[in-house]
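Enquirer: Any chance you can model this:
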Amino acid sequence: MSKKNFDNIFWINGKLATENLVPGKVVYEEKIIKKDNKEFRVWDPNRSKPAAAIYKGLNVFPVVKDSRILYLGIASGTTSSHFSDIIGKKGIIYGIEISERVIRDLLPVAKDRKNIIPLLADARTPEEYSWIEEVDVVYADIAIPDMSEVLIRNSKFFLKDGGYAMIAIKSRSIDVSKNPKQVYKEEREKLEKYFEVVDFVILDPFEKDHGFFVLKKKS
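Expert: Okay, here's the model as predicted:
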């Protein structure tokens, strides 16, 4: 298991954790650890793909203090709440979610944290939210066949020069008949037309048939 250190991400008692931006409140029944008069939320790799990637030995993780993030497929806020802890009060997360039912669960999380802006929209059409300012990181967790193309399209709109992107590739959402490693290879070829691949890990056993790419926008 990797124990690499990243900005505002901690290993406490062998568990990955982030310092709670809203002490006393949990988001998804995660465990709380209190240490040195601070409150930390355990970041569960079985519930969050970036956490699984860190456990699997990720070397580059571009979400840092004060980051501006565009999150495609933000869902109910499990992962984004940890991003919220990491970026702090001066960072911002623009969360795109197509499901009205799911985004309702995100609203109270966003209200408490104040650095998450939920947006009911289709990530395939970034023109719908073209007012968003330039971001440091685009993260995509959208289980659709054209997920890489959607990441690229949004990055062309919003990602700053030299900025980073991350994507959780669910191989079976792309082609259930192919070996996942072949799917990752084919998606990598698509992504390399626009990004430099700076890191990649396979998320099994935490997330079956998932690969996680960290990418840097080509100049």
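Enquirer: Shouldn't Glu127 be within a helix?
Expert: Yes: Glu127: assigned to a helix according to DSSP: H, G, I helix; E, B strand; the rest coil.
Enquirer: the helices in this protein, which residues?
Expert: Ranges of helices within the chain are 49-55, 78-87, 100-113, 147-158, 171-174, 180-191, based on DSSP state H.
Enquirer: Dump these into a markdown table; add mean pLDDT, distance to Thr125 and mean neighbour count as well.
Expert: Glycine gets a C-beta too; all of them are placed from N, C-alpha and C. Listed next are the helices of the chain as a markdown table, based on pLDDT from 0 to 100; distance: least, CB to CB, whole Å; neighbours: other CB atoms under 10 Å:
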| stretch | mean pLDDT | distance to Thr125 | mean neighbour count |
| --- | --- | --- | --- |
| helix 49-55 | 97 | 24 | 24 |
| helix 78-87 | 98 | 21 | 25 |
| helix 100-113 | 96 | 16 | 16 |
| helix 147-158 | 97 | 9 | 21 |
| helix 171-174 | 92 | 19 | 18 |
| helix 180-191 | 94 | 19 | 16 |
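Enquirer: Next, format those helices as a markdown table and append distance to Asp204.
Expert: Listed next are the helices of the chain as a markdown table, based on distance: least, CB to CB, whole Å:
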| stretch | distance to Asp204 |
| --- | --- |
| helix 49-55 | 9 |
| helix 78-87 | 18 |
| helix 100-113 | 25 |
| helix 147-158 | 18 |
| helix 171-174 | 11 |
| helix 180-191 | 9 |
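Enquirer: right, so of those, which gets closest to Leu21?
Expert: Nearest of the helices of the chain to Leu21, taken as CB to CB: helix 78-87 at 4.9 Å.
Enquirer: low-scoring pLDDT stretches of this protein, where are they?
Expert: Within the chain, the stretches with pLDDT under 70 are 1-2.
Enquirer: Longest strand in it, by number of residues?
Expert: strand 159-170 (DSSP state E).
Enquirer: Residues touching that strand, excluding its own?
Expert: 49-50, 60, 62, 70, 134-141, 143, 147-148, 151, 155, 183-184, 187, 191, 195, 198, 203, 207, 209-217, 219 (CB atoms under 8 Å, 6 or more residues apart in numbering).
Enquirer: quick one, that strand and helix 147-158 angle?
Expert: 160 degrees (axes from the mean of the first three to the mean of the last three CA atoms, to 10 degrees).
Enquirer: List the strands paired with strand 159-170, with their directions.
Expert: strand 135-140 (parallel), strand 210-217 (antiparallel) (DSSP bridges).
Enquirer: can you give me how far it is from the chain middle?
Expert: Relative to the chain's own centre, strand 159-170 is displaced by 9 Å; criterion: CA atoms, centre = their mean, to the nearest Å.
Enquirer: Can you give the distance of stretch 116-134 from its chain's centre?
Expert: Counting by CA atoms, centre = their mean, stretch 116-134 comes out at 16 Å from the chain centroid.
Enquirer: Identify the residue spatially nearest to Pro145, adjacent ones excluded.
Expert: With sequence-adjacent residues excluded and distances taken as CB to CB, 6 or more residues apart in numbering, Pro145 is closest to Ile174, at 5.3 Å.
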